[in-house]
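Enquirer: Predicted coordinates and the sequence they were generated for:
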Amino acid sequence: MMIHDVTAKVGKHKLRMRVGRGEGSGKGGTSGRGHNGAKSRAGWTSRPGYQGGSTPLLRRFPKRGFSNADFRVDYHIVNVSDLAKHFAAGTHVDVDSLVRVGLIRDSKLPLKVLATGEIAVKLSVTADRFSAQAKAKIEAAGGSIILTPKAAKAAEEAIAEAEAEATKKANAAKRAPKAKADAKSDSKPSNDAPSNDKN
C-alpha cells in the first residue's frame, strides 16, 4: 500500500476536532482547556497590560514632567546648505522636488527650513516654516520664500487673533480709569443725605 492509496480513502484534509461531546469522544470533560479559570471559558479576552486585577506597573510609577507628544507637530527638516548643494540657481524648491533629490523621505510631513550652512544661489523655496536666519540667508542670496497655503492661512489666523487680543486689552485699559472714577464718585457721601439732628 502506498501513501496515495491511504489519502485517497481518508481524504486530503484532517477533520475538525469535535470537543465537549461526551467522555467517549476522548475530548469530553474540559475539552482540552485544562481545568478551572477564566482562560478555560469561551470568550475570554485580556487587554494589554492587564495584570490579573492588581494595579498595573504603569500606574504604580509617578508621572512627573511635561510632554507635548500629544499635540506637537513633526516636520521634515532641511538646511539652506542642502538646498544650495542640490539645486541650481533659479530653481523653485518644494516638497516634491526635495523628495525627488532624496533630501526628505516623503511628502507626508510639513517642511521646515533651517539656517545651518551657507547659500549663495537664488532659489524660490516653498515650505511650511522658515527659521528667521534661514529666511534672511535665502533672501540675501536673492531668493524668495513662499508659505504653503495651509501655513499661510494659519499665520493669518494667528495674526488676527493677536490683533483681537491687543484690541481687547487696549479697550480694557481705556475703561479702567473711567470705572475707577465712577467707583470713587459712588464712595463719596452725598450732601443731600437727611440730617440726624433732633433739634
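Expert: Good, I have the coordinates. Residues are numbered from 1 along each chain as shown.
Enquirer: per-domain residue ranges of this structure.
Expert: The chain resolves into domains spanning 76-147, 149-180 when parsed by automatic domain parsing.
Enquirer: Of these, which stretch is the most buried?
Expert: Sort the domains of the chain by mean neighbour count, taking mean count of other C-beta atoms under 10 Å, and domain 76-147 sits at the top with a mean of 17. C-beta coordinates here come from the backbone N, C-alpha and C atoms, glycine included.
Enquirer: Turn the domains of the chain into a markdown table, columns for distance to residue 20 and mean pLDDT.
Expert: Shown next, in a markdown table, are those (distance: least, C-beta to C-beta, whole Å; pLDDT from 0 to 100):
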| stretch | distance to residue 20 | mean pLDDT |
| --- | --- | --- |
| domain 76-147 | 51 | 94 |
| domain 149-180 | 60 | 87 |
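Enquirer: and residue 11, which of these is closest to it?
Expert: domain 76-147 (50.6 Å; C-beta to C-beta).
Enquirer: longest helix anywhere in the protein?
Expert: In the chain, taking DSSP state H as the definition, the longest helix is helix 149-187.
Enquirer: per-residue confidence for the spatially most central residue of the chain?
Expert: Residue closest to the mean C-alpha point of the chain, counted by C-alpha atoms, centre = their mean, is residue 71 at 3.9 Å. For residue 71, the model assigns a pLDDT of 90.
Enquirer: With residue 11 instead?
Expert: Residue 11 carries a pLDDT value of 73.
Enquirer: Also residue 194?
Expert: pLDDT, residue 194: 54.
Enquirer: Start the count at 23 instead of 1 going forward.
Expert: Sounds good: first residue 23 from here, last item residue 216.
Enquirer: ok, back up a step: would you list the domains of the chain in CSV and tack on distance to residue 33?
Expert: Formatted as CSV, the domains of the chain follow (distance: least, C-beta to C-beta, whole Å):
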stretch, distance to residue 33
domain 98-169, 51
domain 171-202, 62
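Enquirer: Out of these, which gets nearest to residue 71?
Expert: domain 98-169 (29.7 Å).
Enquirer: what distance separates the start and the end of the closest one?
Expert: Distance across domain 98-169, first residue to last, is 15 Å (C-alpha to C-alpha, to the nearest Å).
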